[in-house]
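[1] model the following, please.
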Amino acid sequence: MTLGSDGAAETNLDALFPQLRRFPDVEAANLQAWDATDRLLLDSAAEFLGPDSRPAVVGDRYGALTLGAITAGAPAPVRVHQDLITGELALRNNARTVGTGGGFEQLPLGSALLAGATVVLIQLPRSLAELEEIADAVARHAAPTVTVLAGGRVKHMSLGMNAVLARYFGDVQPQLARQKSRIVIARKPLPVSPATPFPITSANAALGLRICAHGAVFAGTDLDIGTRFLLEFLPQMPDAAHAVDLGCGTGILAAMYARSRPGSRVTATDRSAAAVDSARATAAANGLGDRIDVVQDDAMGSLPDSSADLILLNPPFHLESAVHSGAGLKLFEAAGRVLAPGGELWTVFNSHLQYRPALERLVGPTREIGRNPKFTVTASTRRSGAQAGVGWTPGP
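    Just a heads-up that it's a prediction; the model follows:
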């Protein structure tokens with residue numbers, strides 16, 4: 001395979017990329033499993049992926065970087081960290097599709113992933129805090145001779161990313177853009193403090209809660225404004241033998257509900273490893289570690305049917321850079337499955353999204369609990385019978 005060229009000749013990557021899928025993540029005509037940044041990173045990394053290299057990949061969304069590196073002849077195993085469990089599953093599915101049964105190892109962000117790494121490929125995250133945690137881990141564990149290639153879409157990159165990398169590497173060189181993507185090459189890792197600063201912990205005086213956050217978790221240690229509005233209705237929520245904080249983030253809803261309902265068992269679940277680690281740390285920091293079970297899974301896939309009495313949800317309305325309702329609809333459908341008949345889904349969402357018809361269809365009768373200029377809070381009661389959350393195909 002010829003890398004580092006913009007020629008039109010078909011390459012192995014040209015054959016690989018069209019085979020990749022996002023499944024089990026949301027799929028749609030305007031969403032694909034790879035982008036120009038994946039291609040630019042692989043082209044730029046070709047000279048570093050020799051037989052004696054020790055490659056690692058961070059932020060591979062659906063397997064394009066990992067499988068592309070294997071296609072380029074990177075020595076096995078290619079170590080990879082993906083924050084989302086949907087990305088992990090997509091990589092495994094795509095590996096089977098293209099006939100690469102092995103050749104990679106999926107690992108948490110840390111020493112097992114990065115120890116001795118000589119080349120690290122990074123799909124740049126949007127969050128500077130997430131990039132900071134990644135850069136800290138690479139500088140802490142990778143080989144002193146490591147070359148870091150961090151790439152992203154130009155429209156999502158900022159000078160702040162260069163500044164973060166410069167705190168951890170002595171040599172940071174932005175490269176020329178290609179097809180609206182750009183990479184930054186970083187070398188010469190700098191000394192770091194003996195202990196990693198993550199997760200960050202902050203006291204929220206209004207909630208009386210200590211919030212813990214890893215870099216990749218949404219909103220960090222801040223209280224998201226949608227969650228804040230949903231919490232205004234905490235006293236009105238039903239007492240539940242088993243409550244679920246779906247898409248738990250830092251675990252604020254799980255902690256607040258568990259503290260207000262000492263007799264309830266609470267499960268916090270998210271597809272993000274950073275969110276799960278953050279929620280677990282938040283529960284422990286507030287003396288609730290024995291009351292809250294924290295699980296990483298995709299749309300409550302590990303929870304049995306009809307096993308929850310109450311689900312609390314502040315659903316996402318973005319898929320990467322696209323505004324898309326698919327993620328929320330997938331979670332509504334999951335709630336219809338996991339709620340026991342008569343159980344309730346309490347949801348907060350941007351009012352313009354008009355989710356109520358979908359909630360009626362996928363869960364059951366839905367009533368408005370509250371509304372402010374931006375958000376709506378609803379409660380949907382799981383209808384009896386097999387129709388709730390089953391057999392529906394979420395629309396766009």
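[2] any regions of the stretch 251-396 of the chain where pLDDT drops low?
    317-326, 385-396 (pLDDT under 70).
[3] in it, which spans are helices?
    252-260, 273-285, 326-338, 356-362 (DSSP state H, counting those that start in this stretch).
[4] may I see the ones you listed organised as CSV, with distance to residue 228 added?
    In short, each C-beta sits where N, CA and C put it, glycine included. Listed next are the helices of the stretch 251-396 of the chain as CSV, based on distance: least, C-beta to C-beta, whole Å:
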stretch, distance to residue 228
helix 252-260, 9
helix 273-285, 16
helix 326-338, 19
helix 356-362, 21
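[5] what's the closest of the ones you listed to residue 127?
    Closest approach to residue 127 among the helices of the stretch 251-396 of the chain (C-beta to C-beta): helix 273-285, 9.7 Å.
[6] using CSV, write out every CA atom in that closest one.
    C-alpha atoms of helix 273-285 as CSV (Å, rounded to 0.1, in the frame of the first residue of the first chain):
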residue,chain,number,x,y,z
ALA,A,273,-16.0,4.8,30.2
ALA,A,274,-15.1,8.3,31.4
ALA,A,275,-18.7,8.8,32.6
VAL,A,276,-18.9,5.5,34.4
ASP,A,277,-15.6,6.1,36.2
SER,A,278,-16.8,9.6,37.1
ALA,A,279,-20.2,8.5,38.4
ARG,A,280,-18.5,5.8,40.5
ALA,A,281,-16.1,8.4,42.0
THR,A,282,-19.0,10.8,42.6
ALA,A,283,-21.0,8.1,44.4
ALA,A,284,-18.0,7.2,46.6
ALA,A,285,-17.1,10.9,47.3
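[7] what's in contact with that helix?
    Residues from elsewhere that reach helix 273-285, judged by C-beta atoms under 8 Å, 6 or more residues apart in numbering: 83-85, 108-109, 130, 199, 201, 209-218, 245, 247-252, 254-255, 258, 268-270, 289, 291-292, 294-296.
[8] equivalent analysis for stretch 84-94, please.
    19-25, 33, 60-63, 66-67, 80, 82, 104, 106, 271-273, 296-298.
[9] list the buried residues for stretch 124-132?
    The neighbour-count check on stretch 124-132 (16 or more other C-beta atoms under 10 Å) flags 124-125, 127, 129-132 as buried.
[10] how about stretch 25-41?
    25-26, 32-35, 37-41.
[11] which of the contacts of helix 273-285 are buried?
    83-85, 109, 130, 199, 209-218, 245, 247-252, 254-255, 258, 268-270, 291-292, 294-296.
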